[in-house]
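*Asks:* sequence and predicted structure below; questions after.
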Amino acid sequence: MNGTEHSPLSANQVSAKIDAAVEQAAETLLEVSHAIHDKPELAFEEHFACGVLAKTLRDHNLSVATGVYSLETAFETTINSEQAGPTVAVLAEYDALPQIGHACGHNVIATSALGATLALDAVAAFLPGRVKLLGTPAEERGGGKELMARAGAFEGIDAALMIHPAGVNLATMPSICVAEVEVVYHGRSSHASAMPHKGINALDGLLLAYQAISNLRQHIRSTERIHGIVQEGGAAPNIVPDRTVGQFYVRAANEKELAALKPRVQACFEAGATGSGCTVEVNWAGVDYLDINTNWPLAERFRHYAEQLGREFIDDDQALKFGAGSTDMGNVSYRLPSIHPMLAVAPPNVVIHHPDFARWARSEKGDAAVIDGAKALAFTAAEYLLSPQLQRQCGAAFELSKGLA
């Protein structure tokens, strides 16, 4: 750490206390990680995870507020709440995926954030600023962080940090924007054999749109993606479906390109209705996920600490070979200096959102990422609070990034 002029302890002493605090809490952290992993909950439904995280904080004499910033399963705790100085936030995610559980490893994210907070509380007396732990639901869908931001969750916060599990160690997650959309086609039911002429096939409308989107994919940028599923396709083969539902994600490299792509996809949905004689509802989600605006001075400090823990990182110019995803942390990163590094919990050939990844998130490698993530997050947050120089560097980089957006 640098810039310890506000602390009566040396940088090494603060680091040692953080390290010791994480080690002391390690058994508890892994118990919580496994408990969340064993009881996966979907977006906005993370009552167990929110509860166990809040209870653990209270067991360590920290005050916790739940149901904050408009979301029932969000929570917040603050260290040094009366302290002057900057505020750094550590973010926890804990929702899971349908059918494949914690195949994104959010149990690792939540408990690394928990561990970092407990460690920072152990050195709170030596920190010239505040630490806030925010439990942020609904990352997999719904844009929980954006909803919380609109309710004021990030006001007064100077920097935000979190980690994400992966198959490799990366200083930041390669990311693109995403918009979620539900499309509902309405037709007219009839007997498919006896009176097909009296029916209007809602499945035809959805499939026509799907095919139109498949054709559109030939003429979009290599950084753009459109993918979806048929969520409801009809009741029986001999009944003309009068209602079908599709769920789609539309992705692009940045907000401007996403805004240009969405009307082209909208036209495909409308074409499906025109071609089939159906009517259509196109329900775009109220939150678009933005790409990550990485704060590199902060990311480089995290990488430094993770490397000291024995982590080997993939070079930044190689990161895109591992694909790009989307996260609502991107929305936070355009509001304030933020980082979203990746820590390996699985071999490189096991990718997130694959069923095998869920097993790795509860493995020894997953447990190691909880501990390493907690330490590296806490080291980075402490240095930020202790170093006016790093604060200035992060602020200057963020202002420059806004000019480049």
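*Replies:* Nice, thanks for sending it over.

*Asks:* secondary structure element for residue 332?
*Replies:* In the assignment (DSSP states H and E), residue 332 maps to helix 329-333.

*Asks:* what helices and strands are in contact with that helix?
*Replies:* In terms of contacts (3 or more CB pairs under 8 Å, 6 or more residues apart in numbering; DSSP states H and E), helix 329-333 is packed against helix 144-150, strand 159-161, strand 279-289. C-beta coordinates here come from the backbone N, C-alpha and C atoms, glycine included.

*Asks:* show me the contact partners of the last one.
*Replies:* Right, strand 279-289. 142-143, 146-147, 177-186, 205, 209, 255, 258, 262, 266, 269-270, 272-273, 326-328, 330-331 (CB atoms under 8 Å, 6 or more residues apart in numbering).

*Asks:* list the buried residues in that strand.
*Replies:* For strand 279-289, the neighbour count (16 or more other CB atoms under 10 Å) marks 280, 282, 284-285, 287-289 as buried.

*Asks:* so what's the gap between that strand and the chain middle?
*Replies:* 20 Å (CA atoms, centre = their mean, to the nearest Å).

*Asks:* please renumber the chain so that the first residue is 50 from this point on.
*Replies:* That works, and once the first residue is 50, the last one we named lands at strand 328-338.

*Asks:* hmm, back to that, buried stuff in the helix holding residue 381?
*Replies:* 378-382.

*Asks:* ok, and what's touching it?
*Replies:* Taking CB under 8 Å, 6+ apart as the rule, helix 378-382 contacts 140, 188, 192, 194-195, 198, 203, 209, 211, 224, 226, 336, 338-344, 387, 389.

*Asks:* in terms of secondary structure, what does the helix or strand following that helix contact?
*Replies:* Note on helix 378-382: by DSSP H and E, the next helix or strand toward the C-terminus is strand 387-388. For strand 387-388, the contact count by 3+ CB pairs under 8 Å, 6+ apart identifies strand 208-210, helix 345-357 as packing neighbours.

*Asks:* mean pLDDT, mean neighbour count and distance to residue 426 added to those, as CSV?
*Replies:* Listed next are the helices and strands packed on strand 387-388 as CSV, based on pLDDT from 0 to 100; neighbours: other CB atoms under 10 Å; distance: least, CB to CB, whole Å:
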stretch, mean pLDDT, mean neighbour count, distance to residue 426
strand 208-210, 98, 27, 5
helix 345-357, 98, 20, 7
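
*Asks:* export those to JSON lines and tack on distance to residue 298?
*Replies:* As requested, those are arranged in JSON lines below (distance: least, CB to CB, whole Å):
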{"stretch": "strand 208-210", "distance to residue 298": "24"}
{"stretch": "helix 345-357", "distance to residue 298": "26"}
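
*Asks:* ok, which of those comes nearest residue 435?
*Replies:* Smallest distance to residue 435 across the helices and strands packed on strand 387-388 (CB to CB): 11.4 Å, for helix 345-357.

*Asks:* check which helices and strands the closest one sits against.
*Replies:* By 3+ CB pairs under 8 Å, 6+ apart, helix 345-357 packs against strand 208-210, strand 387-388, helix 413-435, helix 437-453.

*Asks:* may I have that helix as CSV, with CA atoms only?
*Replies:* The C-alpha coordinates for helix 345-357 follow below in CSV (Å, rounded to 0.1, in the frame of the first residue of the first chain):
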residue,chain,number,x,y,z
TRP,A,345,-7.3,1.1,-14.6
PRO,A,346,-5.3,2.6,-11.7
LEU,A,347,-7.6,0.7,-9.3
ALA,A,348,-7.6,-2.4,-11.4
GLU,A,349,-3.8,-2.5,-11.5
ARG,A,350,-3.6,-2.2,-7.7
PHE,A,351,-6.0,-5.2,-7.3
ARG,A,352,-3.9,-7.2,-9.8
HIS,A,353,-0.7,-6.3,-7.8
TYR,A,354,-2.2,-7.7,-4.6
ALA,A,355,-3.7,-10.8,-6.3
GLU,A,356,-0.3,-11.5,-7.8
GLN,A,357,1.3,-11.2,-4.4
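
*Asks:* and the helices in this structure?
*Replies:* 60-87, 96-108, 155-171, 193-199, 251-265, 304-325, 345-357, 378-382, 404-409, 413-435, 437-453 (DSSP state H).

*Asks:* wait, what's in contact with the residue nearest to residue 444 when sequence neighbours are not counted?
*Replies:* With CB to CB, 6 or more residues apart in numbering as the criterion, residue 444 has its nearest non-adjacent residue at 6.9 Å, and that residue is residue 386. Shown in contact with residue 386 (CB under 8 Å, 6+ apart): 207-209, 344, 347, 443-444, 446-447.

*Asks:* quick one: pLDDT of the residue nearest to residue 97 when sequence neighbours are not counted?
*Replies:* The shortest distance from residue 97 to any non-neighbouring residue, by CB to CB, 6+ apart, is to residue 88 (5.0 Å). Turning to residue 88, the model gives it a pLDDT of 98.

*Asks:* picking that back up, closest to residue 262 out of the buried residues of strand 328-338?
*Replies:* Checking the buried residues of strand 328-338 one by one against residue 262 (CB to CB), the nearest turns out to be residue 331, at 12.5 Å.
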